[in-house]
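[1] Okay, predicted coordinates and the sequence, questions at the end:
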Amino acid sequence: MAWEAEKEEIVQAARHLLSKGLVAATSGNVSMYLEDADGSKLLAITPTSMRYEEMKPEDVVVIDFEGDVVEGYANPSSESLIHIAVYKARPDIKCVIHTHSVYASVLAVCGVELPPILDELVTYLGGPVQVAEYGFPSTEDLGNKACAALGDRNAVFLRNHGVIAAGKTMGDALRACELVERASQIFIYASSLGKAGVLPPEVVEAERSIFKMMQGTDT
Ligand SMILES: [Zn+2]
């Protein structure tokens, strides 16, 4: 089996998401950017409609940027086009995770941006988590709208749907998922007290510089 280590990492990430309650049943999907020996751009992605408890590395599918299967027997995630759109728009991103985690989805349903309320939101994600315009599931349009709202940051809400989190490594993408969910919960609770204050602009600016340096996009 080709790309065995990468497929194993994807399955482990999916199980981690499940253990943290960030995905349920077959919702959500995980991918990793790959390059073929000839330099062709590919990605390995979780299969559609398979429970995470049962998923094995051989179930992970390798597809090209057209969405066509290059290797593997299963059908790729129905949201493959969002993953492809992110890799096309952001060469610095190597791993993408999509979840329907609860608190993030509350903000996505309400169309409420997650402002820079915590330092790590800016240093690890690059700033506020914006809400993409609504796009129909599984379409290229949804991917394009997600990328427009993602900008140079590492997380975005999909309106009335869920969240996309990304990173240079699978560890970064997992941390982004957990951070968005935790910060969304804190923001919702703080807002219920009427006191959700944001970081001062100069702090956000300084922390964005740290984010860009860590992301390698500060040139
Ligand atoms: Zn979804």
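    It's in. Residues are numbered from 1 along each chain as shown.

[2] Strands of this protein, start to end?
    Counting by DSSP state E, the chain has strands at residues 29-35, 41-45, 61-64, 69-71, 95-99, 131-132, 155-158, 162-167.

[3] Turn those strands into TSV, columns for distance to Y87 and mean neighbour count.
    (Glycine included, C-beta is placed from N, CA and C.) TSV is the format used below for those (distance: least, CB to CB, whole Å; neighbours: other CB atoms under 10 Å):
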stretch	distance to Y87	mean neighbour count
strand 29-35	5	23
strand 41-45	6	22
strand 61-64	11	21
strand 69-71	14	16
strand 95-99	7	27
strand 131-132	17	22
strand 155-158	14	28
strand 162-167	9	26
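
[4] and of those, who's closest to V203?
    Between V203 and those, the shortest gap by CB to CB is with strand 155-158, which sits at 19.0 Å.

[5] what's the offset of that closest one from the middle of its chain?
    Strand 155-158 has its C-alpha centroid displaced from the chain centroid by 8 Å (CA atoms, centre = their mean, to the nearest Å).

[6] now swap in stretch 28-39 and tell me
    Mean-position distance between stretch 28-39 and its chain equals 15 Å (CA atoms, centre = their mean).

[7] and that stretch, C-alpha only, in CSV?
    What follows is stretch 28-39, C-alpha atoms only, in CSV (Å, rounded to 0.1, in the frame of the first residue of the first chain):
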residue,chain,number,x,y,z
GLY,A,28,-16.4,15.3,9.2
ASN,A,29,-13.3,14.4,7.2
VAL,A,30,-9.5,14.6,7.4
SER,A,31,-7.0,15.0,4.5
MET,A,32,-3.3,15.4,3.9
TYR,A,33,-1.5,17.0,0.9
LEU,A,34,0.8,14.6,-1.0
GLU,A,35,3.0,14.8,-4.0
ASP,A,36,3.6,11.9,-6.4
ALA,A,37,7.1,11.0,-7.5
ASP,A,38,6.5,13.1,-10.7
GLY,A,39,5.4,16.1,-8.6
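
[8] which residues are contacting it?
    The contact list for stretch 28-39, computed with CB atoms under 8 Å, 6 or more residues apart in numbering, reads 3, 6, 9-10, 13-14, 17, 22, 41-46, 62, 70, 77, 79-80, 83, 87, 93-100, 162, 170, 173.

[9] quick one, helices of the protein?
    With DSSP state H as the criterion, the chain has helices at 4-19, 80-89, 102-110, 119-125, 140-150, 170-192, 201-215.
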